[in-house]
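Enquirer: Okay, here's the prediction I keep looking at, along with the sequence it came from:
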Amino acid sequence: MSIELGKFNRLEVVKQVDFGMYLDGGEEGEILLPTRYVPEDCKVGDWLNVFLYLDNEERLIATTLTPLVQVGEFACLEVAWINQYGAFLNWGLMKDLFVPFSEQKMKMQVGKKYVIHAHLDDESYRIVASAKVDRYLSKEPADYNQGDEVDILIWQKTDLGFKAIVDNKYSGLLYDSEIFQQLHTGDRLKAFIKQVREDGKIDLILQKPGFGKVDDFSKTLLQHILDNGGKIALTDKSPAEDIYDAFGVSKKTFKKAVGDLYKKRLVVLHEDGIEAVSS
């Protein structure tokens, strides 16, 4: 049996001691699960799902806590402290996650958050992180169809919009003109494939393409109005191009959504725009 460092493993409890339980680590020998992480009523012979990492003495140790990132994953983590070797990130475990200076795109600062990739260092066999995430994104062509739902991690702001990491594997882009909500680096949310371009780059959108149901877009439109001070300067008489530029939907869909919100008495219609009804 081989264990995976930096990931969850299902291991058998083989021995109870004063300071915890020992688990069968196969070729790695017995692995300690300290008392504070031992589930109630746990006994020898039970199987536990545990995360394995190295403690401050570089010994293999188990925990039932769930870290904020596992080996092979991307996450946005906060810098807890810095020393002469690099930065240490809070990832929810007793021992912080190390980012050497050589793996920082810019010098990290305590209290700030950065998108990183966690992996095993080939030389030291330690779990480390890198802020140079480009090199860990797949260069293989993505097998998506238009409209496929994906999980994304907002990565960084660009002149065009926001770069995002798609399904923990690919790089994608959300365009400013198609974003109708506040986004921040580190946000995790659902998105949809707008298209996979010939060069392999992925364009994303936060709403279902075409908004399938008017109801879906009604909610998006209302939220957009609220996010913009409670009023927008578009009406159902605005040019179709202006509506599409703002929301990526047809004028017909926009008018239906406006009508839907008006019937529900959630908006008031003016000559120069639409205003949300204050609750």
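Expert: Noted; the coordinates are in hand.
Enquirer: From now on I want contacts and neighbour counts done on CA atoms only, so please keep to that.
Expert: Fine.
Enquirer: so what's residue 114 scoring on pLDDT?
Expert: Per-residue pLDDT puts residue 114 at 98.
Enquirer: hang on, it packs against residue 78?
Expert: Yes - between residue 114 and residue 78 there is a contact at 6.5 Å, judged by CA atoms under 8 Å.
Enquirer: which of these two has more neighbours?
Expert: residue 114 (22 against 19; other CA atoms under 10 Å).
Enquirer: Which helix or strand contains that one?
Expert: strand 113-120 (DSSP states H and E).
Enquirer: buried ones in that strand?
Expert: Neighbour-count burial for strand 113-120 flags 113-119 (criterion: 16 or more other CA atoms under 10 Å).
Enquirer: how far does it sit from the chain's center?
Expert: Mean C-alpha position of strand 113-120 versus that of the full chain (CA atoms, centre = their mean, to the nearest Å) differs by 12 Å.
Enquirer: so after it, what's the next helix or strand?
Expert: strand 127-130.
Enquirer: Alpha carbons only: can I get that next one in PDB?
Expert: The C-alpha coordinates for strand 127-130 follow below in PDB (Å, rounded to 0.1, in the frame of the first residue of the first chain):
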ATOM      1  CA  ILE A 127       4.800  20.100   0.500                       C
ATOM      2  CA  VAL A 128       5.500  23.600  -0.900                       C
ATOM      3  CA  ALA A 129       3.600  26.300  -2.800                       C
ATOM      4  CA  SER A 130       4.300  28.400  -5.800                       C
END
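Enquirer: Show the average pLDDT along that strand.
Expert: Averaged across strand 127-130, the pLDDT comes to 97.
Enquirer: hmm, who's touching it?
Expert: The contact list for strand 127-130 (CA atoms under 8 Å, 6 or more residues apart in numbering) reads 5-6, 53-54, 71, 97-100, 103-104, 116-121.
Enquirer: For ChimeraX, write a command that selects the buried ones of the residues you listed.
Expert: To isolate the buried members of those in ChimeraX, using 16+ other CA under 10 Å:
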select :5,6,53,54,71,97,98,99,100,103,104,116,117,118,119
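Enquirer: quick revisit: out of the buried residues of strand 113-120, flag the one nearest to residue 37.
Expert: residue 118 (23.0 Å; CA to CA).
Enquirer: and the buried residues of strand 113-120 as a markdown table, adding distance to residue 46?
Expert: Output for the buried residues of strand 113-120, formatted as a markdown table (distance: CA to CA, whole Å):
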| residue | distance to residue 46 |
| --- | --- |
| 113 | 38 |
| 114 | 38 |
| 115 | 37 |
| 116 | 35 |
| 117 | 33 |
| 118 | 30 |
| 119 | 29 |
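Enquirer: from those, which two are the most distant?
Expert: So, the buried residues of strand 113-120 by CA to CA: farthest apart are 113 and 119, at 18.2 Å.
Enquirer: Assess the claim that residue 50 and residue 11 are in contact.
Expert: Yes - Residue 50 is in contact with residue 11 according to CA under 8 Å; the separation is 7.3 Å.
Enquirer: Excluding sequence neighbours, find me the nearest residue to residue 273.
Expert: residue 233 (4.2 Å; CA to CA, 6 or more residues apart in numbering).
Enquirer: Let me fix that, I meant to ask about residue 26.
Expert: Nearest one to residue 26, counting by CA to CA, 6+ apart, is residue 1 at 5.1 Å.
Enquirer: How confident was the prediction at the one you found?
Expert: What the model reports as pLDDT for residue 1 is 73.
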